[in-house]
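K.L.:
Any chance you could fold what I've pasted below:
(one chain, ligands or ions: 1)
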Amino acid sequence: MSTALIIGGCKGIGRAIVARLASDGFDIIATSRKAGPDSETTEQLVRAQNRAFTHLALDVTDADGSKATLLPYLEGDLLPDVIVYNAGIAKDNLFAFMDAEEWRKVLDTNLNGFYNTVQPFVFGMLARKKGRIIVISSASGQTGQAGQVNYSASKAALLGAVKALAREIGKKGILVNAVAPGVIDTEMTKALPKEQLLPIIPLRRYGTCEEVASVVSFLAGPDSTYVTGQVIAVNGGLVI
Ligand SMILES: NC(=O)c1ccc[n+]([C@@H]2O[C@H](COP(=O)([O-])OP(=O)(O)OC[C@H]3O[C@@H](n4cnc5c(N)ncnc54)[C@H](OP(=O)(O)O)[C@@H]3O)[C@@H](O)[C@H]2O)c1
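P.N.:
Below you'll find the model as predicted:
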């Protein structure tokens, strides 16, 4: 049986990815910072598909703590077949007013968190000569977004990391891809001015978490065995 690890898998887009991969037949390991109602709801979704569920509590900005929590899963039978890096935050501000904390927190979570939680698995995947790494970037990382210099920088950096890593470890049978959502209906986008955004989205609506999860499902599944180093946009035409 195959296992998928979703870093940031207990709410929003991450939870939809968990639910979709469980319905695809994966056993699930999902992280959040704390166990609680979010992880319990996520566990129920997975159990309803008769798949195994493990919750791990970790903060991706804590390199040592994350590695210690992930240690049992870094090699051997517990090594996941698919790793999805979904953890991310936004702290929007105009760059002229952006303080060091807003810059640092976003880069620490979105970019350094990827290093802290995904890099430790690469040796095990290389030894096993198979695996999938899927990174949730953003349309902001593809085009840059005013008011999101920190977020855009972190998400663009993830695209560079995905492309470089795909070149580095493709010969060992490991596929590395990114998904770049546009505006998706989650907590993160609740405060955005919808009436200003809808006119610039050709499909004239926000995306759903399930619409992102279905692309992750493709990248995790049997129909994408010759796809690596790619960025698949899920954005209703926001970026064309
Ligand atoms: N919503 C959108 O329109 C949109 C568009 C493009 C890209 N994205 C990206 O999609 C991903 C999910 O976003 P979302 O909209 O579903 O937002 P969300 O509901 O706020 O979820 C954010 C996720 O990141 C995790 N996370 C944040 N900081 C963390 C930390 N320090 N350590 C560990 N986990 C941390 C959260 O875990 P906890 O459960 O511990 O809070 C949660 O799983 C993010 O990478 C985001 O940048 C979203």
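K.L.:
Are there helices or strands packed against the lengthiest helix in the chain, and which ones?
P.N.:
As assigned by DSSP state H, the longest helix anywhere in the chain is helix 149-169. If you count contacts as 3 or more Cβ pairs under 8 Å, 6 or more residues apart in numbering; DSSP states H and E, helix 149-169 packs onto helix 100-107, helix 122-128, strand 131-136, helix 139-143, strand 174-181. No exception for glycine: its C-beta is placed from N, CA and C like everyone else's.
K.L.:
repeat that for 10 Å
P.N.:
strand 82-85, helix 100-107, helix 113-118, helix 122-128, strand 131-136, helix 139-143, strand 174-181, strand 231-234 (3 or more Cβ pairs under 10 Å, 6 or more residues apart in numbering; DSSP states H and E).
K.L.:
what pLDDT, on average, does the last one get?
P.N.:
Translated: strand 231-234. The average pLDDT within strand 231-234 is 98.
K.L.:
ends of stretch 60-80, how far apart?
P.N.:
18 Å (Cα to Cα, to the nearest Å).
K.L.:
so how far is it off the chain centroid?
P.N.:
The gap between where stretch 60-80 is centred and where its chain is centred comes out at 16 Å by Cα atoms, centre = their mean, to the nearest Å.
K.L.:
Can you tell me which residue sits nearest the middle of the chain?
P.N.:
The C-alpha lying nearest the average C-alpha coordinate of the chain belongs to N86 (Cα atoms, centre = their mean; 2.0 Å).
K.L.:
sorry, back to before: would a markdown table of the helices and strands packed on helix 149-169 with distance to G14 and mean neighbour count be doable?
P.N.:
Below are the helices and strands packed on helix 149-169 laid out as a markdown table (distance: least, Cβ to Cβ, whole Å; neighbours: other Cβ atoms under 10 Å):
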| stretch | distance to G14 | mean neighbour count |
| --- | --- | --- |
| strand 82-85 | 8 | 26 |
| helix 100-107 | 17 | 15 |
| helix 113-118 | 13 | 23 |
| helix 122-128 | 21 | 16 |
| strand 131-136 | 8 | 25 |
| helix 139-143 | 17 | 21 |
| strand 174-181 | 12 | 25 |
| strand 231-234 | 14 | 19 |
